[in-house]
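Q: Pasted the sequence and its predicted model underneath.
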Amino acid sequence: MNAVLQPRDRPMTIPTRGAAPASAAPTHPGPMLAKPPAMNHVKMYTTQVCPYCLRAKALLKQRGVEQIEEIRIDLDPQQRDAMMSLTGRRTVPQIFIGETHVGGCDDLIALDQRGGLKALLQAA
């Protein structure tokens with residue numbers, strides 16, 4: 001025979017001020033959230049008014065990059081010299097992922113279309 005609990009037969013809980021009701025507390029911890037894979041450091045030489053820089057940043061964000069080290073060469077001419085010394089190029093953006101010089105925005109897009117961007121972003 002199945003017993004039917006009447007309201008007086010149920011255990012009574014007394015809520016405390018500011019605490020969530022007992023029914024709101026999870027009874028188990030739930031699934032463990034997977035930690036996102038570590039990503040290689042992304043560095044981009046850029047200027048304030050550069051549409052290609054904005055496009056490159058947007059693509060990187062779409063691929064899960066949360067932080068981009070931006071080096072503004074319009075604010076620091078010595079950084080432009082450093083960029084040209086490293087890359088042999090004068091245009092922005094110039095993008096580095098880890099130790100790899102990807103190139104500019106078009107190079108980044110081409111790398112993504114070939115399927116190589118996600119792999120390069122993943123830390124070894």
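A: On my side now, so go ahead.

Q: switch to C-alpha atoms for all contacts and neighbour counts from now on
A: OK.

Q: Any stretches of this structure with poor pLDDT?
A: Counting by pLDDT under 70, the chain contains low-confidence residues at 1-37, 124.

Q: Now do the strands in it.
A: Using DSSP state E, the strands of the chain run over residues 42-46, 69-72, 94-97, 100-103.

Q: give me the beta-bridge partners of residue 70?
A: Partner residues in beta bridges with residue 70, using DSSP bridges, are residue 44.

Q: Does it touch residue 41 like I think?
A: No. Between residue 70 and residue 41 there is no contact, the gap being 11.3 Å when judged by CA atoms under 8 Å.

Q: Please convert the strands of the chain to TSV, extending it with mean neighbour count and distance to residue 86.
A: Compiled in TSV, the strands of the chain are given as follows (neighbours: other CA atoms under 10 Å; distance: least, CA to CA, whole Å):
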stretch	mean neighbour count	distance to residue 86
strand 42-46	22	11
strand 69-72	16	13
strand 94-97	23	10
strand 100-103	16	9
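
Q: mind putting those strands in a markdown table, distance to residue 115 included?
A: Compiled in a markdown table, those are given as follows (distance: least, CA to CA, whole Å):
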| stretch | distance to residue 115 |
| --- | --- |
| strand 42-46 | 18 |
| strand 69-72 | 23 |
| strand 94-97 | 15 |
| strand 100-103 | 14 |
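
Q: So which of these is nearest residue 123?
A: strand 94-97 (9.7 Å; CA to CA).

Q: What ranges does the protein have for its helices?
A: Taking DSSP state H, the helices of the chain run over residues 51-62, 77-87, 105-113, 117-121.

Q: Please dump those helices into TSV; it should also carry mean neighbour count and distance to residue 94 for every row.
A: Formatted as TSV, the entries for the helices of the chain read as follows, by neighbours: other CA under 10 Å; distance: least, CA to CA, whole Å:
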stretch	mean neighbour count	distance to residue 94
helix 51-62	16	9
helix 77-87	15	8
helix 105-113	16	8
helix 117-121	16	15
